[in-house]
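In: Got a sequence here, can you model it:
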Amino acid sequence: MSVLFPKVNKPREWDYRPIYYDKDKEARKDRKLARLHHGSFREEHEKNMTELRRKRPSRLLLLIALLAILIFGVYILL
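Out: All right, here's what the predicted structure looks like:
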């Protein structure tokens, strides 16, 4: 049967989607590319670490306060 009806592949269909200019999208892309400069990951890491160091004392005070309340509660109950 392939001699009488050889298989012929269909030609590709033309799939054209026009690209429209979006000013907001271009501005977002430019801001993103401006942030990604050499050493930006190091700067972000340092900023995060200083933020963690700043939060650490407040966390420590919270833990000490919770421990004091727990000890006071156990003392009252017993």
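
In: Run a quick neighbour tally on Arg54.
Out: By other Cβ atoms under 10 Å, 9 other residues sit near Arg54. The C-beta positions use only the backbone N, C-alpha and C, and glycine is treated the same way.

In: Please tell me how far it sits from Leu66.
Out: The spacing between Arg54 and Leu66, counted by Cβ to Cβ, to the nearest Å, is 20 Å.

In: Same question for Ile76.
Out: 16 Å.

In: Of these two, which one has the most company?
Out: More neighbours surround Leu66 than the other of Ile76 and Leu66, with 10 against 7 (other Cβ under 10 Å).

In: Report pLDDT for that one.
Out: On pLDDT, Leu66 comes in at 93.

In: Report all helices and strands that the one helix or strand it maps to contacts.
Out: Secondary-structure assignment from DSSP states H and E places Leu66 in helix 40-77. Using 3 or more Cβ pairs under 8 Å, 6 or more residues apart in numbering; DSSP states H and E as the contact criterion, no helix or strand is in contact with helix 40-77.

In: Going forward, count from 658.
Out: New numbering, starting at 658: the last item is helix 697-734.

In: Buried residues, that helix. List them.
Out: By 16 or more other Cβ atoms under 10 Å, helix 697-734 has no buried positions at all.

In: Check the offset of it from the chain's centre.
Out: Its chain's C-alpha centre and that of helix 697-734 lie 25 Å apart, by Cα atoms, centre = their mean, to the nearest Å.
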